[in-house]
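Undergrad: have a look at this prediction, sequence included:
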Amino acid sequence: MEIVVVRLIFASLLVAAFVSASVKADGHNEANAFGVALKVPAADVEKIEALLASHREFMESTHTVEGDKDVRLNSYTVLKGPEMKNPMDPSQGATGAMFYILTEHYETPNGLKKHLEASSGWKDIGAMQEMMGKYAVGMTFPGFLMSKMNR
């Protein structure tokens, strides 16, 4: 039970950081990306995939990959893969848990800021925050583009 409380506190703090007027870390305010890795038990996969589908709909209705460079979304990705018992020996099988990696990359820091502002009005923001607090095993926030290779 204590872990649940700690995770809910973590999620609340994460939300406060997301919705803040500026994205800063160690004096940097040039963050233009976000990424989170989730480890989801098999029993919750369907619920999480429905939430990620809702997030995709939110992204499509509020973001663009064209137009104003200042707020443009360059990349939105959700990857999915099973947790393997031994990643170096797939013959050992999977644990039943599923990994999801969600990434967003904006052309400018203002794009990320606008995303954070828009997300506060999304109908499922509470569920998203709860999901990240419960299942996140890693996060890049604030995130900075390190490398890219596009078609």
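TA: In hand now; what should we look at? Just so it is clear, the structure is predicted and the values come from calculations on it, not from any experiment.
Undergrad: need the pLDDT of the residue of the chain positioned farthest from its centre.
TA: Within the chain, the residue lying farthest from the chain centre (CA atoms, centre = their mean) is S91, at 30.2 Å. What the model reports as pLDDT for S91 is 98.
Undergrad: also the one 4 residues further on?
TA: Here the pLDDT value assigned to T95 is 98.
Undergrad: just checking: what are the partner strands of the helix or strand encompassing it?
TA: For T95, the enclosing helix or strand under DSSP states H and E is strand 94-106. Strand 94-106 has the following sheet partners, assigned by DSSP bridges: strand 33-40 (antiparallel), strand 73-84 (antiparallel).
Undergrad: and the ones you listed as TSV, adding distance to F141?
TA: In short, each C-beta sits where N, CA and C put it, glycine included. Shown next, in TSV, are those (distance: least, CB to CB, whole Å):
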stretch	distance to F141
strand 33-40	5
strand 73-84	15
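Undergrad: show residues contacting the strand holding T95.
TA: By CB atoms under 8 Å, 6 or more residues apart in numbering, the residues outside strand 94-106 that reach it are 32-42, 45, 48, 52, 55, 59, 71-85, 112, 115, 143, 145, 148.
Undergrad: same thing but at 6 Å, please
TA: Under the criterion CB atoms under 6 Å, 6 or more residues apart in numbering, residues 32-42, 45, 73-85, 112, 145 lie in contact with strand 94-106.
Undergrad: also stretch 40-50?
TA: G96, A97, M98, Y135.
Undergrad: how many neighbouring residues does the third one have?
TA: For M98, the tally of surrounding residues (other CB atoms under 10 Å) stands at 20.
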